[in-house]
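Q: Next come a sequence and a model predicted from it.
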Amino acid sequence: MSIKVVVLAAGKGTRMHSIKPKVLHEIGGTTLLQHVLNTANQLDQVTSLVIYGHGGEQVIASTSHQGKWIEQREQRGTGHAVQQALPYINQDDAVLVLYGDVPLIQVETLNRVVSHALDNHVGLLIYSMDDPTGYGRVICDDDGNVQKIVEQKDASDEELAVKEINSGILSVPGDKLHQWLGELQPDNSQGEYYLTDIFHMAVRDGVPINTESVNDEAEITGVNDKVQLAQLERAYQRRNVEQLMRQGVTFFDPHRFDLRGCIDFVGQDVSIDINVILEGRVSIGHHVRIGANCMIRDTKIGDHVEILANCVIEDAELGEHCTIGPFARVRPGTVLNDHVKIGNFVETKNVVINSASKVNHLSYIGDAAIGANVNIGAGTITCNYDGANKHKTIIKDGAFIGSDTQLVAPVVIGENATIAAGSTITKDAPDSQLTLSRVHQFSKSNWKRPVKTKK
């Protein structure tokens, strides 16, 4: 028996006050819909069917989905939405219904719910709330057996007092779903086809309804406005931080950290200061310290690396025992070997820097290959762009580049060469020699500083 996951994602999301479809708003750098699909795809033998509507082209283009896209041209309730998927559901399938705006559901929870449909029962995910206003109530008999789901607008005063709410997440055997959806009628205050009416039919037909519950309300919370989006963002980040702390990461303040992607690996004795943002895929080695206010994207960080405050690092590879910052910008294509120092207000791009080399202050190094044990002085620039094309600078092992130097690419600085401060180098510099380029310095003895004219 296979599992068909029907994801309802057709809503406009009027309360978001955005031209973007609701399911494309993001939590942790990933769209709401993609969160749901990523979780659903962890189930065994699963195929996902996404019901889309508003902003359909944008939703499809923005989502990685290997299953089926099904358009709901008019929105007439949840039952009507699931009806659109019936041609793709077999009689012997187990069907799980999810929502594209409920992003933080966990795969362990889904496994519990769908297990009931695999046993030819109905599964329902519920939650007990102190204030269930706005949610459909789960109405049970005196023995605790589910009898029906009543929506808020259709509930009596007695039913409104019930604390157990319907999360909307449910599982149904495929043959029963075909039968019950065919019987739905819009006999309610909204004039819609309610998917929840199938619970009354299950009771009528003697099909057991088994409930599962969650302890974390965030799992079943949907996003209807920007307030709820922000609340789930914090819940998502809290979940990430707690998992990382259990793996041994020290956070100076767990409330001031954002993960907008994934961490492929994190080593032991890692510490992260406040306001750090990790995006894309990041790998962090052992004994790494990340200072305050850093943004790191798609980067591999080796063991014993220290990243000082206020650095931006993108698409880079940092070897062991490197020191970065403060206020450094390490741009895509930067590869640092072991014991490299990138200092304050240094920018690198598309550069390989070999072991024990230093770029300490106020320099731009782009499109370059830097050897080992090279010292690059403050204010050095590799002039790599001629207005049309990029050119490469090569600095060989042991070279010393004096401060305020411009290296006009393409150019090669030889092994153990020294470039005098204030030079503009346009030709290759030979090994083990001093190379300099300076305007002749002179002083004028009869010169007087200008003064302002009195009015």
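A: Ah, there it is. Because the structure is a prediction, the values reported are computed rather than measured. Numbering: from 1, shown residues only.
Q: Which per-residue confidence value corresponds to Ala94?
A: According to the predicted model, the pLDDT of Ala94 comes to 98.
Q: Run through the bridge partners of it.
A: For Ala94, the beta-bridge partners are Ile3, Pro173 (DSSP bridges).
Q: any idea how far it lies from Asp205?
A: 17 Å (C-beta to C-beta, to the nearest Å). Backbone N, C-alpha and C define where each C-beta goes, glycine included.
Q: all strands for the stretch 151-300 of the chain, in order.
A: 164-173, 209-213, 250-251, 257-266, 271-272, 276-284, 289-290, 295-297, 300-301 (DSSP state E, counting those that start in this stretch).
Q: Can you say which of the ones you listed is packed in most?
A: Highest mean neighbour count of these: strand 164-173, a mean of 25 (counted as mean count of other C-beta atoms under 10 Å).
Q: Also compute the angle for that one relative to strand 209-213, please.
A: Calculated by axes from the mean of the first three to the mean of the last three C-alpha atoms, to 10 degrees, strand 164-173 forms an angle of 130 degrees with strand 209-213.
Q: And strand 164-173, what does it pack against?
A: Using 3 or more C-beta pairs under 8 Å, 6 or more residues apart in numbering; DSSP states H and E as the contact definition, the elements that strand 164-173 packs against are strand 94-99, helix 107-118, strand 122-128, strand 137-140.
Q: who wins for proximity to Tyr236 among these?
A: With C-beta to C-beta as the criterion, Tyr236 lies closest to helix 107-118 of the helices and strands packed on strand 164-173, at 15.0 Å.
Q: Just the residues contacting the closest one, thanks.
A: Here helix 107-118 makes contact (C-beta atoms under 8 Å, 6 or more residues apart in numbering) with 1, 3, 39-40, 42-43, 94-96, 98, 122-125, 169-173, 208, 210, 212, 214, 219.
Q: re earlier: okay, the helices and strands packed on strand 164-173 in JSON lines with distance to Leu24 next?
A: Output for those, formatted as JSON lines (distance: least, C-beta to C-beta, whole Å):
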{"stretch": "strand 94-99", "distance to Leu24": "14"}
{"stretch": "helix 107-118", "distance to Leu24": "22"}
{"stretch": "strand 122-128", "distance to Leu24": "24"}
{"stretch": "strand 137-140", "distance to Leu24": "31"}
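Q: Counting neighbours, go ahead and name the busier of Ala94 and Asp205.
A: Per other C-beta atoms under 10 Å, whichever of Ala94 and Asp205 has more neighbours is Ala94, with 26 against 11.
Q: just checking, Thr424 touches Ser437?
A: Yes. Between Thr424 and Ser437 there is a contact under C-beta atoms under 8 Å: 5.2 Å.
Q: of all the helices and strands packed on strand 164-173, which lies closest to Arg331?
A: Proximity to Arg331, assessed across these by C-beta to C-beta, is greatest for helix 107-118 (36.4 Å).
Q: how many degrees apart are the closest one and strand 94-99 in direction?
A: Comparing the axes of helix 107-118 and strand 94-99 via the same axes, to 10 degrees yields an angle of 140 degrees.
Q: Give me the pLDDT value at His54.
A: Reported pLDDT for His54: 88.
Q: Quick one: neighbours of it, just the number.
A: When counting by other C-beta under 10 Å, one arrives at 17 neighbours for His54.
Q: same deal with Val146?
A: Val146 has 22 nearby residues by other C-beta under 10 Å.
Q: The one 3 residues further on too?
A: Number of residues near Ile149 (other C-beta under 10 Å) recorded here: 26.
Q: On the three-state scheme, it is what?
A: For Ile149, the assignment made with DSSP: H, G, I helix; E, B strand; the rest coil gives strand.
Q: hmm, back to that, what's the closest of the helices and strands packed on strand 164-173 to Leu362?
A: Minimum separation from Leu362 across the helices and strands packed on strand 164-173 (C-beta to C-beta) falls at helix 107-118, 49.1 Å.
Q: Show me what counts as buried in that closest one.
A: 109-114, 116-118 (16 or more other C-beta atoms under 10 Å).
Q: Throw these into JSON lines and include pLDDT and distance to Tyr236, thanks.
A: Listed next are the buried residues of helix 107-118 as JSON lines, based on pLDDT from 0 to 100; distance: C-beta to C-beta, whole Å:
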{"residue": "Thr109", "pLDDT": "98", "distance to Tyr236": "15"}
{"residue": "Leu110", "pLDDT": "98", "distance to Tyr236": "17"}
{"residue": "Asn111", "pLDDT": "98", "distance to Tyr236": "20"}
{"residue": "Arg112", "pLDDT": "98", "distance to Tyr236": "21"}
{"residue": "Val113", "pLDDT": "98", "distance to Tyr236": "21"}
{"residue": "Val114", "pLDDT": "98", "distance to Tyr236": "23"}
{"residue": "His116", "pLDDT": "97", "distance to Tyr236": "27"}
{"residue": "Ala117", "pLDDT": "97", "distance to Tyr236": "28"}
{"residue": "Leu118", "pLDDT": "96", "distance to Tyr236": "29"}
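Q: Please produce JSON lines containing those, extended by distance to Glu242.
A: Output for those, formatted as JSON lines (distance: C-beta to C-beta, whole Å):
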{"residue": "Thr109", "distance to Glu242": "17"}
{"residue": "Leu110", "distance to Glu242": "20"}
{"residue": "Asn111", "distance to Glu242": "21"}
{"residue": "Arg112", "distance to Glu242": "21"}
{"residue": "Val113", "distance to Glu242": "23"}
{"residue": "Val114", "distance to Glu242": "26"}
{"residue": "His116", "distance to Glu242": "29"}
{"residue": "Ala117", "distance to Glu242": "31"}
{"residue": "Leu118", "distance to Glu242": "31"}
